[in-house]
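**Q** Sequence and predicted structure are below.
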There are 2 protein chains.
Amino acid sequence: MRTIDKPEKILATALRLFVASGFHGTPTSKIASEAGVSNGTLFHYFKTKDELVVALYSSIKAELNQYVAAKINEAEAVKEKFRNLFRCSVEWALENKEAFYFIQQFHFSPHLGLVPEEEIRKQTELHTSLLQDAWHAKILKPLPVDLIAALTGNQINGMYQYLTVHAVPADDQRKLIDEVFELTWTMIANPETR
Amino acid sequence: MRTIDKPEKILATALRLFVASGFHGTPTSKIASEAGVSNGTLFHYFKTKDELVVALYSSIKAELNQYVAAKINEAEAVKEKFRNLFRCSVEWALENKEAFYFIQQFHFSPHLGLVPEEEIRKQTELHTSLLQDAWHAKILKPLPVDLIAALTGNQINGMYQYLTVHAVPADDQRKLIDEVFELTWTMIANPETR
DNA sequence: ATGTTTGTAGAGTGATCAGTCAGTTTGTGA
DNA sequence: TCACAAACTGACTGATCACTCTACAAACAT
């Protein structure tokens, strides 16, 4: 039982290879060898390749959620919470480009259907509860909550996409992110409530 | 030379299967048989599987562009053009869900790198020229054009995502799309210019 | 008619890959 | 010290797949 972290090493290697060549494009044998484990070991920890893919998705989502949740709770006011959510998500995405890319890749793949309903709910709980609260407090425009969720989620994607293809100095980057957040907030916030 | 439209039949079948099972998840043999052609015929028209995937992407993009371009030119004012662009894109996506899903799937796959630079430019020409014009006329906020492009593009995705999971009556749908467009426009338009 | 090109078929092939298995090593508890 | 389990190995396998090849048929040209 020499293992320090074989499953994690496998997941990390799989992430790198999946992003480079796609799920089906990367053989399990390559994942195993590049992770420094044998073929058998990989299947010892993950019964099937699909299970590996899903496990990778879940672990990445969990990490992202943990990261964001911590920062959100630092804030008091709802708007601050949203700002932190926006900021953190973008920053995390920029610091974990492969992981963020993988999430999107996974989202547009048949593997998404393999994730149990309950897990999906858990993963989105943070966002939904925040949105629900804000909506009930009439802080948001009278639009469907799910629509607001979809729009804000995609604002993050847009911000991320721009910053990945256009290198921007760190200072300007922060400013830009906050600027775009303000635009987003104006878009979804009810101007009548203060 | 019995062919009526075998290449198109192949592309249509490939689209359906790719969306259902992913690129690598669908064998060329299945595409051929479900399209009603032989295995050899498929490779007669498309030298490799990758070429088929890229050809499918190009044809879909071309179709979308043609559809949108026609409607944009109906409008005079810049804002109307943007509105038509937004409306059409969402409507096309809803009427061609598989195709729109495929575009995204393709975008987050290694195949994207196989599309020649020039083709990509052609495909985005419509959007970029429209944005460039608006930006030079100072109609838009003083933000990088590419950022505005990324944000608006993702607004369309968000709108599409919401409407695919929440069935909405056609009338309400139109209203909602226009409402979200107004929000988007407020977000990117320079309030000082009329 | 005759040759040539183009379209179509489908059996065949070599390579690849997910997953297995029989066996070895390493740690653990009595 | 020994028994037992869990971790680990890598050769192996059966299936699958992208792509080829040979053969034939239809259209067209001369």
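**A** Everything's here; your move.
**Q** For the rest of this, base every contact and every neighbour count on C-alpha atoms.
**A** Noted.
**Q** residues near residue A:77, how many?
**A** When neighbours are counted by other C-alpha atoms under 10 Å in any protein chain shown, residue A:77 registers 10.
**Q** What's the local residue count around residue A:63?
**A** Each residue near residue A:63 was counted by other C-alpha under 10 Å, and the total is 13.
**Q** how about the nearest residue to residue A:60, chain neighbours excluded?
**A** Distance criterion C-alpha to C-alpha, 6 or more residues apart in numbering or on different chains; nearest residue to residue A:60, sequence neighbours excluded, is residue A:99 at 6.6 Å.
**Q** Please tell me I have it right and the one you found contacts residue A:17.
**A** No - using C-alpha atoms under 8 Å, residue A:99 is not in contact with residue A:17; the gap is 11.4 Å.
**Q** Between those two, point out the one with more neighbours.
**A** residue A:99 (22 against 19).
**Q** so what's that one up against?
**A** A:15, A:60, A:93 (C-alpha atoms under 8 Å, 6 or more residues apart in numbering or on different chains).
**Q** I'd like to know how far the second one sits from residue B:11.
**A** Counting by C-alpha to C-alpha, to the nearest Å, the gap from residue A:60 to residue B:11 is 35 Å.
**Q** for residue A:22, same thing?
**A** Counting by C-alpha to C-alpha, the separation of residue A:22 from residue B:11 is 21 Å.
**Q** For residue A:189, which non-adjacent residue is closest in space?
**A** residue A:140 (4.3 Å).
**Q** Next, the one you found: phi, psi?
**A** Note on residue A:140: backbone dihedrals following degrees, to the nearest 10 are phi -100, psi 160.
**Q** ok, it touching residue A:187?
**A** No - under the criterion of C-alpha under 8 Å, residue A:140 makes no contact with residue A:187, lying 9.2 Å away.
**Q** for chain A, which helix is longest?
**A** Assignment by DSSP state H gives helix A:49-72 as the longest helix of chain A.
**Q** near DNA strand C at all, that helix?
**A** Yes - judged by C-alpha under 7 Å from any atom of the strand, helix A:49-72 comes into contact with DNA strand C at A:49-50.
**Q** Can you list the buried residues in that helix?
**A** Neighbour counts over helix A:49-72 (16 or more other C-alpha atoms under 10 Å in any protein chain shown) mark A:51-54, A:56-58, A:60-61, A:64-65, A:68-69, A:72 as buried.
**Q** any chance of those in TSV, plus pLDDT?
**A** Below are the buried residues of helix A:49-72 laid out as TSV (pLDDT from 0 to 100):
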residue	pLDDT
A:51	97
A:52	98
A:53	98
A:54	98
A:56	98
A:57	98
A:58	97
A:60	98
A:61	97
A:64	97
A:65	96
A:68	95
A:69	94
A:72	91
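**Q** Can you spell out which helices and strands pack onto the helix or strand of chain A with the lowest mean pLDDT?
**A** Least confident helix or strand, chain A: helix A:117-136 with a mean of 93, by mean pLDDT, DSSP states H and E. With contacts taken as 3 or more C-alpha pairs under 8 Å, 6 or more residues apart in numbering or on different chains; DSSP states H and E, helix A:117-136 sits against helix A:49-72, helix A:145-165.
**Q** which residues are contacting the first one?
**A** Defining contact as C-alpha under 8 Å, 6+ apart, one finds that helix A:49-72 is touched by A:11, A:14-15, A:23, A:28, A:46, A:81-82, A:84-85, A:88-89, A:92, A:99, A:102-103, A:106, A:111, A:114-115, A:123, A:126.
**Q** And for stretch A:151-167?
**A** A:86, A:89-90, A:93-94, A:173, A:177, A:180, A:184, B:146-147, B:150-151, B:153-155, B:157-159.
**Q** and chain A, which of its residues are near DNA strand C?
**A** A:1-2, A:24-29, A:39-40, A:43, A:47-50.
**Q** Neighbour-wise, which one of those residues leads?
**A** residue A:28 (19 neighbours).
**Q** list the buried ones in stretch A:180-194?
**A** With burial defined by 16+ other C-alpha under 10 Å, the residues of stretch A:180-194 counted as buried are A:180-181, A:183-190.
**Q** any idea how far it is from the chain center?
**A** The chain centroid and the centroid of stretch A:180-194 are separated by 23 Å under C-alpha atoms, centre = their mean, to the nearest Å.
**Q** Just the residues contacting it, thanks.
**A** Taking C-alpha under 8 Å, 6+ apart as the rule, stretch A:180-194 contacts A:79, A:83, A:86-87, A:138-142, A:148, A:152, A:155, A:159, B:183-184, B:186-187.
**Q** Show me chain A divided up by domain.
**A** Per automatic domain parsing, the structural domains of chain A span A:1-46, A:58-188.
**Q** These: which one's closest to DNA strand D?
**A** Smallest distance to DNA strand D across these (C-alpha to the nearest atom of the strand): 3.0 Å, for domain A:1-46.
**Q** Let me see the mean pLDDT of the closest one.
**A** For domain A:1-46, mean pLDDT is 92.
**Q** for that domain, the distance to its chain's centre please.
**A** Here the centre of mass of C-alpha atoms in domain A:1-46, compared against the chain's by C-alpha atoms, centre = their mean, lies 21 Å away.
**Q** any idea how far residue A:105 lies from residue B:42?
**A** From residue A:105 to residue B:42 the distance is 27 Å (C-alpha to C-alpha).
**Q** tell me how far stretch A:114-121 is from the chain's mean position?
**A** 15 Å.
**Q** Need the contact partners of it.
**A** Here stretch A:114-121 has contacts from residue A:54, using C-alpha under 8 Å, 6+ apart.
**Q** send the alpha carbons of it over as CSV?
**A** Provided in CSV are the C-alpha atoms of stretch A:114-121 (Å, rounded to 0.1, in the frame of the first residue of the first chain):
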residue,chain,number,x,y,z
LEU,A,114,-24.5,9.9,-16.3
VAL,A,115,-24.4,12.3,-13.4
PRO,A,116,-27.1,11.5,-10.8
GLU,A,117,-29.8,14.0,-10.4
GLU,A,118,-29.0,14.6,-6.8
GLU,A,119,-25.4,15.4,-7.4
ILE,A,120,-26.4,18.1,-9.9
ARG,A,121,-28.7,19.6,-7.4
